[in-house]
Structures are given as C-alpha cells and as structure tokens.
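In: Generate a structure from the sequence data that follows.
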Amino acid sequence: MAWRLKWWDENKEQEYALMQECVEIWTDDQGTVTLNSSPDGWIWATLEEGSGQGPTIRWHHPPDDVKLRGDNGDSKEPGGEQSEWSVQPGQSLWFGAQKTGIEIVAVLGFGEGRIKFIESSVAEYGVDDQVCRNLWKLHRQVALGAGWQQVLKGLGKAATERLGMSRVDGRAALIWEGDQEFYHQVIWDDDDSDREKTQWVGAARRRGVLASLLTRERELLDALQARGDVVLRTHTDESIDLLLPICGEEFLGAFYLAGIPGANFDESYLAELVDTFNPIGVALMRRYHGGKKVKGFEEENRYFRERERRHYLFKDLVCESAVMRQVYDELHDRVDQDSPILMTGEAGTGKELLARALHHLGDRHDGMLIRMGCASFPRELVDFELFGCVASELTGAVAARKGIFELAEGGTVFLDEVDRLSPMVQGKLVRVLKEKEVRRIGDAVGRPVDARFIASSHRDLDELCRCGQFRRDLFELLDSHRMAVPPLRKREADILPLARIFLKKFAERYDARCQAMDKELKSWLVSYPWPGNVRQLQTFIEAAVLMVRDQSIIERDALALETMDSEDAQQEAPKVN
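Out: Reported below is the predicted structural model:
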C-alpha cells in the first residue's frame, strides 16, 4: 500500500508520496512530530495497510491532544493504548500541542484488483492540432533540459483531457534497473529533483512497493517488455492504476498513473498516450542512464586519481619506526589546518616529501604546490620570485609578473631553507602571513592572496634569531606550528624498507637484475650513521645498482666499501669504488 500525505505546521505545507507498507510517526523529548526515526525518540503511531479503502492508524503511545478530523468536521480521539483508527482519504490527524497536521490525501498502489492488459499498438486514433501543439511543446522542453517532473505533469494533464480521468492522484516514472536488482528507480511528480521517492528518509530498512513491483509481478514485466501492453488495474472502489510502457532498444520502464476514471473514460486513447509519451520517456531514460554512467566514471576516475596520488606521496614515506609514525600522525592532524608550518630537521630527511603530503591530502590539493629553494636564487632575484613585479622602467620589467604567492592561489607555497632569506624579504614575508596580501615590486597597492605557507630549515632558527640573522617575529609565527623530522640514524627500523624501495626503483629505471641485498650489506646499512640521511641512502643504492647491475643479489664485498672511521662516518657519505 502507498499513500500521498500532506504535512503542515506553522511554517510550511508539503506533500509526500510514501511507497511503504508501514509509515511510523515519531516524537522526541522536545515534542516534535516527525516521520524520521530518532535514537532519542519513540513511536507514537504507525500507518499501516488497512482492510478498507484507507490505511489503519495503530497507536502505540497516543499523545494527549490528538484528533482525527473528517471532511464533515467530525473528530475523535484515541481510545487508549494500542487503539486503531481506520482512515479514509480526506481525513487528517491534528496534533494540537505541536500545531501539526497530517492529511491522507490519496491511497495509491498496485494492490488487489482486476488486471487488464491492453494492446497499445492496434488502436487507431486521430490527433488534433491541440494535441500536436502540446506534444511539440513537451518535446521542446525536454530538448532544452526539462526533466521527469514536467513530463509527468504533462502526462497527468493528457490523462484528464484525452483519456477522461476525473482525478489523477499519483504520477510517477518507474525505471527498470535490470534483472540483478530487486528495487528499481521511482521518480514522483512532486519531487523537486530526479531522485527516488520510494521510501522516507530514516526508514531505510523498508523499500517501496512500486519500486519492487516489476520484480514481484513478472506478468506485468512481460506485458510491458515483451508485448508493450498497457496494464490497467481496477480496484474495489473503482479507482484505477495504469502502467504505460516505456520501451527502447536498451531501456525499459513505465509511466505510472493512479486516480479515478470519469464518466467519459475511454481506453482507446491509451494507445495515443503511449505513442505520445514513449519517445519522451526513452529520451529521459537515456539521459538518466547516461548520467549514471558519467557519475560512475567520475567516481572511478576520482578513486584512481586519489589512489595514485596517495601512492605517489607515500611510496617513499616509510613509517616503520616509532618516531616516524609519530610524525605521520602529526601530519594527518595538520592536513586540514591552514596555519603556517615550519619543518625542521637535518638536510635530506624528507621535509619536502612531507610538505607535498600536507598539500595533496588537504583541501588545497586542487591548487598548485610551488616549491622554491631559497638558497638556489641570488638574493636580488628572490624578491621578484616571491612577490612579482609591475611593468616599470625602474624595475626593468617590460611586463607585469606574478610572484609565487599569487601563482599558488588556492594552493600551497613551500620555501626550502627559509633561513637564507634576507631580513628585508623576511619582513615582507611577515606581512604576507599576517595580512594575507602581497605587494608587487613597484606597485602601490597590495593584492589579496590565499595560499598555505610551509617553510623548512635544517639550521637552528632560534640561535639565528639571537645572532640577528633571522627575524624574531617571523620565527614566532612559524615556531608555534613546528614539525620536527628525525634523522635517519634515529629511524633504524626504516632503513631497510627504504633501501628496498630505492632498490626496486633504480633497478626498474636502469633495467638492472638487482632484486635483493645480502645479510652483510643489510647489517652494514643499519649500522651506518647516514649523515646525509635519506637522500644519502638513495644516492648510495643508486650507485650500487649501477655498479652490480647484472647481479640479482647485491653483495657487500662486491661494493668494496672503504673503511671509515667514526669522524668520516659523521661527515661523508660512503664511497663506492
């Protein structure tokens, strides 16, 4: 059984089509009336299929001030716990304390009744000018982007004017989703978007009877699919349900109509309705299935892009050691933060990799990540790179140029070795971080920017502040959001996993046979202090692969490593002869 309900209170009035065998009326500790299940609420009553022409209201915990109002103005109240009311279309529940009403507008659904199959292809009919004009108008609306709602409204109007129905209570489009599905898509005319209306939000454990109609009653499916017949079911109260086939080469569906036939109801016009609305329905179903495919492609593309991005980010980010797992957790905590971040640690520890992870995993991953090594630019050019310039004879620029803060709009700026900036540029950087605007060289006004800022340094910035080489205000801005990256010698558990990653990477790059390392080399790798950290380990593995590229196992003796004393181990990388 299904119902069309009208819900109204002090603020709004809405109609809903509920294709369910049972509808629950809930309340909560605030006294709110709702059809949504609530973990903090309880059920007042259930609306169930009745034995008469309408549903039955079964009261579980009736409120004090509720009445059933009829069309003639009569009303009654619940008689106690578990009392039942038989409700007819046109009657309504009125909750006085909540000033909320629920009216049973109509009873819909393919229930018990006489079924008749009408061949839609044999009837002959004439089409007048008005029908042609309406059909042309409807096709034009669909071509311009109209959806199911406009078509269903046009179908209801045609059913009244041409078929002779005195009242249309329900209009819907039923889209067959395939033999593998039990429930199928149902789109109602009272929806504001093309989405399913077969169940009420919060009652997901129950599905609509119309959504499963073609699965449960295969005779109806055969009539629509194999023969293209119209299905007409007449109920005991003389109301009818209609299924008009929508048949294309690839798609199957039906238009659903429920209502009361008039005195001039003429079945011969059903063929006209089918011929009129079938091509429109096929076009909308093609649009619907095409949209589902596009959405599926987008989701698939998004999934693989995300997987590839995460793989790219973390294929070299090994977190087997406890100290690195702590850094990893800290990174995830700061992914969605927009505050400036300072990464400290020795050179070669992977600060840039962590900066990339912060960018790509955060909300700014669609923007640009621009990295600038402050030590690699002459001091007189750093200003131009960071903040840009205007076209001016004074600056020597023939055209205006954006700096990296403007280029990274909506993205991230990563400055490596930020301690190499001059005090003047550091002051401008403080202005950017505080006021969120940059001023190009030669410009008189600032320009707003929206970019996340990440800086890194392997030097002691606090000591540089005391020496006057780094601005204290910039240090305080960055120091409150510091991430310390540990050196490789404190990550012994990560050395061999990193070495295996680099071995596979360079073996594929140089088409080498190297696949593993012997025990002696592994032991040496773990014991060596690696003053150059991960970068040094990567360089060492690359050199080893090039030296013994024809061997499947890299042996320590084959590398002829020089014996290094403790001082050399802290200053130099291992040499490969």
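
In: show me where the stretch 51-200 of the chain has strands.
Out: For the stretch 51-200 of the chain, the strands defined by DSSP state E, counting those that start in this stretch cover 56-59, 66-69, 75-76, 84-86, 92-95, 100-108, 114-118, 165-175, 185-188.

In: right, so of these, which gets closest to Gly228?
Out: strand 114-118 (10.3 Å; Cβ to Cβ). All C-beta atoms are positioned from the backbone trio N, CA, C, and that covers glycine.

In: any idea which of the strands of the stretch 51-200 of the chain is most buried?
Out: Most buried of the strands of the stretch 51-200 of the chain by mean neighbour count (mean count of other Cβ atoms under 10 Å) is strand 185-188; its value is a mean of 24.

In: and it, what other elements does it pack with?
Out: Applying 3 or more Cβ pairs under 8 Å, 6 or more residues apart in numbering; DSSP states H and E, one finds that strand 185-188 contacts helix 148-158, strand 165-175.

In: and the spatially closest residue to Gln149 that is not a sequence neighbour, what pLDDT?
Out: Nearest non-adjacent residue to Gln149, counting by Cβ to Cβ, 6 or more residues apart in numbering: Asp189, 5.9 Å away. pLDDT, Asp189: 74.

In: Then the one 4 residues further on?
Out: Ser193 is assigned a predicted lDDT (pLDDT) of 39.

In: thinking again about what came up before, JSON lines for the strands of the stretch 51-200 of the chain, including distance to Ala543?
Out: Formatted as JSON lines, the strands of the stretch 51-200 of the chain follow (distance: least, Cβ to Cβ, whole Å):
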{"stretch": "strand 56-59", "distance to Ala543": "81"}
{"stretch": "strand 66-69", "distance to Ala543": "84"}
{"stretch": "strand 75-76", "distance to Ala543": "92"}
{"stretch": "strand 84-86", "distance to Ala543": "86"}
{"stretch": "strand 92-95", "distance to Ala543": "81"}
{"stretch": "strand 100-108", "distance to Ala543": "77"}
{"stretch": "strand 114-118", "distance to Ala543": "81"}
{"stretch": "strand 165-175", "distance to Ala543": "63"}
{"stretch": "strand 185-188", "distance to Ala543": "61"}
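
In: Any idea which of those strands gets closest to Ala499?
Out: It's strand 185-188; of these, that one is closest to Ala499 (Cβ to Cβ) at 54.2 Å.

In: Could you tell me which strands that closest one is paired with, and in which direction each runs?
Out: Sheet pairing of strand 185-188 (DSSP bridges) gives strand 165-175 (antiparallel).

In: Just the angle for the partner strand relative to helix 148-158, thanks.
Out: 150 degrees (axes from the mean of the first three to the mean of the last three Cα atoms, to 10 degrees).

In: quick one on the thing from earlier: hang on, isn't the residue nearest to Gln149 packed against Gly156?
Out: Yes: contact criterion Cβ atoms under 8 Å: Asp189 and Gly156 qualify, at 7.0 Å.

In: Could you chop this structure up by domain?
Out: The record's domain parsing of the chain by automatic domain parsing lists 2-108, 114-290, 322-484, 489-571.

In: Serialize the ones you listed to TSV and add fields for distance to Glu298.
Out: Below are the domains of the chain laid out as TSV (distance: least, Cβ to Cβ, whole Å):
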stretch	distance to Glu298
domain 2-108	29
domain 114-290	13
domain 322-484	15
domain 489-571	32
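
In: To Arg302, which of these lies closest?
Out: That would be, of the domains of the chain and by Cβ to Cβ, domain 322-484, which comes in at 11.7 Å.

In: Between the two ends of that closest one, what distance do you get?
Out: 14 Å (Cα to Cα, to the nearest Å).

In: what separates that domain from the chain centre, distance-wise?
Out: 31 Å (Cα atoms, centre = their mean, to the nearest Å).

In: Could I get the average pLDDT for that domain?
Out: 88.

In: One more: stretch 523-538?
Out: Stretch 523-538 comes out at a mean pLDDT of 91.

In: Grab the nearest non-local neighbour of Leu478.
Out: Leu478 sits nearest to Leu342 (Cβ to Cβ, 6+ apart), 3.8 Å away.

In: hey, where'd the strands end up in the stretch 351-500 of the chain?
Out: 369-373, 388-389, 401-402, 412-416, 437-438, 447-448, 452-457, 482-484.

In: can I get these in TSV with mean neighbour count?
Out: Shown next, in TSV, are those (neighbours: other Cβ atoms under 10 Å):
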stretch	mean neighbour count
strand 369-373	17
strand 388-389	22
strand 401-402	17
strand 412-416	24
strand 437-438	18
strand 447-448	12
strand 452-457	25
strand 482-484	15
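
In: In CSV: those strands, plus distance to Leu174.
Out: CSV is the format used below for the strands of the stretch 351-500 of the chain (distance: least, Cβ to Cβ, whole Å):
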stretch, distance to Leu174
strand 369-373, 49
strand 388-389, 59
strand 401-402, 55
strand 412-416, 49
strand 437-438, 57
strand 447-448, 52
strand 452-457, 49
strand 482-484, 56
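
In: Nearest to Leu144, out of those?
Out: That would be strand 447-448 among the strands of the stretch 351-500 of the chain, by Cβ to Cβ, at 39.4 Å.

In: about what we covered before: please name whichever of the strands of the stretch 51-200 of the chain is nearest to Glu476.
Out: Nearest of those (Cβ to Cβ): strand 100-108, 57.0 Å.
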